[in-house]
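[1] Pasting the sequence and the predicted model now:
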Amino acid sequence: MLNNITIGRYYYKKSLIHQMNPFIKVFCTFCYVLIVVLFRDLIFLLLLLLFVVLLALMSRIPLSVYFQAIWSLKYFIVILALLSFLVQASLLDVIFPVFRFILIIFYSSLLTLTTSPNQLAKGLEIFMRPLLFFKVPVKQISLSLVHAIRFIPVVLEMANNVIKAQKSRYINEYLKWQKRIQNTFHIVQPTFIKSFEKAGTISNSMMQRLYNLNQSRTFYDVVKIKFYDIYMLVVHVTILVAIIYRMVI
Amino acid sequence: MNEIVKIKNLLFAYQKNQVFDKFNLTIKRGSWTAIVGPNGAGKSTLLKLLMGEFSYDGTILVDEQILVPKTQQEYFKKIYLLPENPDDKFISETVKEEIAFVLENKRKPPKEINEKVIAIAKELKIEHLLDKSPYQLSGGEKQIVCIAAMLAHDPEVVLMDETLNRIDFSQKENILILLDNLRKKRNITIITVTHNLEEIVKSDHIVVLDYGKIVLRGEPYKVLSEEKILNQLGVEIPFMISLSLKLRYYNLLDEIELDMDKMVRKIWV
Amino acid sequence: MGVKLTNINAAYGNNVVLENINLELQMGKINALIGPCGSGKTTLVEIITMFQKPTSGKVELNDKRIGFVFEFPDQQFFKQSVFAELQYGLKDKKNVKRISDVLKMVGLDDSFLEKNPHHLSNGEKRKVAIAAILITNPDIIIFDEPTVGLDRNSKNNLIRLMKILQQKNKKTIVVVSQDIDFVYDFVDYVYLLYDKKLVAEGPKLKILSNYQKLKKYQIIPPKLVALTNKINNEKNLKLKYRDNINDLLKDMYRYVK
């Protein structure tokens, strides 16, 4: 059963991480991803793992939630491992991309679990402001990204419903295993249709509550930048700069 | 204007069915109207038309406002729908963002929004829910969050589409009392589509619909005593009214009594 | 040999939802599962239908097939036409006659076959959902909150259908419902769930006329039970508990005479 209501879903707890400024969180995520991608030392990657686990503990969200987020992408991880094995033909080399992937997912979950979609939208928008100089439609992109993230649990919920609905018709009991595998693809189309309809319902609802894409809106929950935000920012940027420095030298 | 909702010569077909054919209805400001009728009579469709979910022929005015793309915002400012399934309506991951949503759309300054959200939460006694996710609340709590969002919206007309179907009996009572108080305080007009008898009895005006036509309308007790017609249509008559009528037939009771304790004392006297 | 649950416990993480449930379903009867919100009814039903695994305990189905009619008909549908929806549950996909027969059972005609189940009215949706389950020929049919949003006539038709399924087709019916008056009208056996435990079970009249017990478990007594109780207390009588208003009135009238 797809019980992954955790990806993309905001998980409220009272923690320092939850109370951080969203832009800082986005920026730190960006730094962390760069750090993970740039460095090629297994021991360092393990330290990075320790780092993100510490942050996860600070978020007061049970580690099992993070584990579920990573576990739900197990198929991707397997495909990634296979691909890198084909390309590199060495088992050791497979570990790096897989490990990196897991670290990135882990840290991103930290971001999406501790930041509500609206906050995330604001954080992304501020983060992408420099792109405005290049006439990139920053606002629409960040909104679309947030809607997409918010939609993952909806799509999974629809898929779950479809699976249950099909299970309730008992047809699997008299089908050969080939047909059963075929049937698992039968959930794709209904899920797609249902998610589409749900999207329609939600956008209708937003319109009825006076939402207008082309008009500006105010944002009331402005999170002030506090000491902890600066501290985290400095930590991430320092590590990133240190790595780049080391690489260049 | 005293007539807050005016529906004139409404024509609407859905999937080869003529649901409404020259339908007319006026609702007075400040009233609580219950729309009842058998399944498929067009009750929910009527509310959906009021919320602009389909296009139609004829006129629908809400506080003299018509729904066209140019005046869309003006129209939707005046009308709000409390749905049967609150999960369909939620668009935020926290209750306070849910309440603030419409205020942000109205471009109110952050400070004002903050004050309003806290004031509404205090009024509905949901301050402890503000940071929680609306999806993880109980059925009754979800509906109260919807009501909080409605208060922030501040409409003239509130629609309810079988809203209280899945709520515990005790919470239902609380929500109905809450809505009635709000109605009296802010002169809101309430239109509910329901099979729920507790709601029907609280209204001051009932409209019975069948196949897109008004079959009966008027005061609750009067309409609900029309046993023959209601039985034919399959509209449920509240237990106490049906019982009163039966006891009257047996000459064990004189008049319709809604309170069970009072009725028990009155029988055989 | 029917459905049996032994020592069932269920929890979501640290959240315990069901505690030590032991239940043997009354086969061939119409059963009701009642209990206040949060008592664990939904989880119990999901465990019986094998949608969920219990944290511990044994579920014995003894080769009995279970059909489950969802609370929200929309969740049950995933095809674009009633015909496709019903055909999905058929072993022999060409048996078109069976599709028509099942539709007739729920009170719909062949004109519904080409319609999109998502676009039907509330009552029609429920009927199609029931048909979609009936077509798979289950031994046990579970109805989850079947009366929400139904008018009086549709409720009566539903009762009629359930009785036919039980008496003529020898099926076992389970109704999960908050609508106590609906349940009181026609079921045979009642299971009462409260605060994660199965606190009572027995024949309908025995369980649902026990005023004190119902109040203790936060169940609002059926109106006929409340009425009979009040009359007995006020007028010092010993009227029997009836599940039919007309029978009760006849008793009352007899006393007046």
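    Happy to help now that I have it.
[2] okay, CA-based contacts and neighbour counts for the rest of this
    OK.
[3] What is the neighbour count of B:Ala149?
    As a burial measure, the neighbour count of B:Ala149 was computed by other C-alpha atoms under 10 Å in any protein chain shown and equals 27.
[4] now do B:Asn105
    By the criterion of other C-alpha under 10 Å, B:Asn105 has 20 neighbours.
[5] That one is in contact with A:Leu210, isn't it?
    Yes: with contact defined as C-alpha atoms under 8 Å, B:Asn105 reaches A:Leu210; the gap is 6.0 Å.
[6] List the contacts of residue 59.
    I went with chain A, as the question did not name one. Under the criterion of C-alpha atoms under 8 Å, 6 or more residues apart in numbering or on different chains, the contact partners of A:Ser59 comprise A:13-18, A:110, A:114.
[7] right idea, wrong chain: chain C
    With contact set as C-alpha under 8 Å, 6+ apart, C:Val59 has these partners: C:3-6, C:8, C:47-48.
[8] Is it in a helix, a strand, or coil?
    Following DSSP: H, G, I helix; E, B strand; the rest coil, we place C:Val59 in the strand state.
[9] beta partners of it?
    Each beta-bridge partner of C:Val59 is listed here: C:Leu5, as defined by DSSP bridges.
[10] sorry, back to before: only the buried subset of the contacts of C:Val59, as a ChimeraX command please.
    In ChimeraX, this line selects whichever of the contacts of C:Val59 come out buried by 16 or more other C-alpha atoms under 10 Å in any protein chain shown:
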select /C:3,4,5,8,47,48
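[11] Output the contacts of C:Val59 as JSON lines; include the columns pLDDT.
    Shown next, in JSON lines, are the contacts of C:Val59 (pLDDT from 0 to 100):
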{"residue": "C:Val3", "pLDDT": "90"}
{"residue": "C:Lys4", "pLDDT": "92"}
{"residue": "C:Leu5", "pLDDT": "92"}
{"residue": "C:Thr6", "pLDDT": "92"}
{"residue": "C:Ile8", "pLDDT": "92"}
{"residue": "C:Ile47", "pLDDT": "91"}
{"residue": "C:Ile48", "pLDDT": "91"}
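[12] Of the contacts of C:Val59, which pair is most distant in space?
    Using C-alpha to C-alpha, these span at most 13.1 Å, a distance reached by C:Val3 and C:Ile8.
[13] If you count contacts, what does the host helix or strand of A:Leu110 end up packed against?
    In this structure, A:Leu110 is located in helix A:91-114 according to DSSP states H and E. Secondary-structure packing of helix A:91-114 (3 or more C-alpha pairs under 8 Å, 6 or more residues apart in numbering or on different chains; DSSP states H and E): helix A:22-38, helix A:42-58, helix A:63-71, helix A:74-88.
[14] Looking at those, which one is packed in the most?
    Highest mean neighbour count among these (mean count of other C-alpha atoms under 10 Å in any protein chain shown): helix A:22-38, with a mean of 20.
[15] same for that helix, what does it pack against?
    Under the contact rule (3+ C-alpha pairs under 8 Å, 6+ apart), helix A:22-38 is packed against helix A:91-114, helix A:117-127, helix A:227-248.
[16] let's see 6 Å
    In this structure, helix A:22-38 makes packing contacts with helix A:117-127, judged by 3 or more C-alpha pairs under 6 Å, 6 or more residues apart in numbering or on different chains; DSSP states H and E.
[17] hey, C-alpha coordinates of the helix it packs on in PDB?
    Presented in PDB, the C-alpha positions along helix A:117-127 are these (Å, rounded to 0.1, in the frame of the first residue of the first chain):
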ATOM      1  CA  PRO A 117       3.900  25.300   0.900                       C
ATOM      2  CA  ASN A 118       3.000  28.900   1.200                       C
ATOM      3  CA  GLN A 119       6.200  29.700   3.100                       C
ATOM      4  CA  LEU A 120       8.200  27.500   0.600                       C
ATOM      5  CA  ALA A 121       6.700  29.500  -2.300                       C
ATOM      6  CA  LYS A 122       7.800  32.700  -0.700                       C
ATOM      7  CA  GLY A 123      11.300  31.300   0.100                       C
ATOM      8  CA  LEU A 124      11.800  30.100  -3.500                       C
ATOM      9  CA  GLU A 125      10.500  33.300  -4.900                       C
ATOM     10  CA  ILE A 126      13.000  35.300  -2.900                       C
ATOM     11  CA  PHE A 127      15.800  32.800  -3.800                       C
END
